[in-house]
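[1] sequence? don't have it. structure:
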């Protein structure tokens, strides 16, 4: 499980680039949770994770965090 709670910079911390600490090609998680607090970054985070094969779940349960499951499992 990975938890991304880097206040205000979750998208920047996750996005794939030379400076990213998380290599989506090397690491795979069953569950990822991301704090979004309903900021405009919420959909950018969703697009990024969906593009790497994760699907958002439990959006009706967790209010300021999004949960993602590996769609391949």
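    Looks like it arrived, so ask away. Because the structure is predicted, anything quoted here is derived from the model rather than measured.
[2] which residues of the protein fall in helices?
    Per DSSP state H, the chain carries helices over the ranges 10-14, 41-51.
[3] what's the least confident stretch among these?
    Ranked by mean pLDDT, the helices of the chain end with helix 10-14 at the bottom, a mean of 60.
[4] Run through the protein and note the low-pLDDT ranges.
    Low-confidence regions of the chain, defined by pLDDT under 70, span residues 1-22.
[5] do that again at 80, thanks
    Low-confidence segments of the chain (pLDDT under 80): 1-24, 37, 62-63, 73.
[6] can you pull out the strands in it?
    Ranges of strands within the chain are 2-4, 31-35, 54-57, 65-70, based on DSSP state E.
[7] right, and those strands - which one's nearest residue 23?
    Minimum separation from residue 23 across these (Cβ to Cβ) falls at strand 2-4, 12.2 Å. (C-beta placed from N, C-alpha, C; glycine too.)
[8] wouldn't residue 53 be in contact with residue 69 here?
    No. Assessed by Cβ atoms under 8 Å, residue 53 is found out of contact with residue 69, at 9.8 Å.
[9] Between these two, which contacts overlap?
    Between them, residue 53 and residue 69 share no contacting residue under Cβ atoms under 8 Å, 6 or more residues apart in numbering.
[10] In space, what's closest to residue 30 - neighbours in sequence excluded?
    The shortest distance from residue 30 to any non-neighbouring residue, by Cβ to Cβ, 6 or more residues apart in numbering, is to residue 70 (5.3 Å).
[11] for that neighbour, which residues make a bridge with it?
    Under DSSP bridges, the beta-bridge partners of residue 70 are residue 54.
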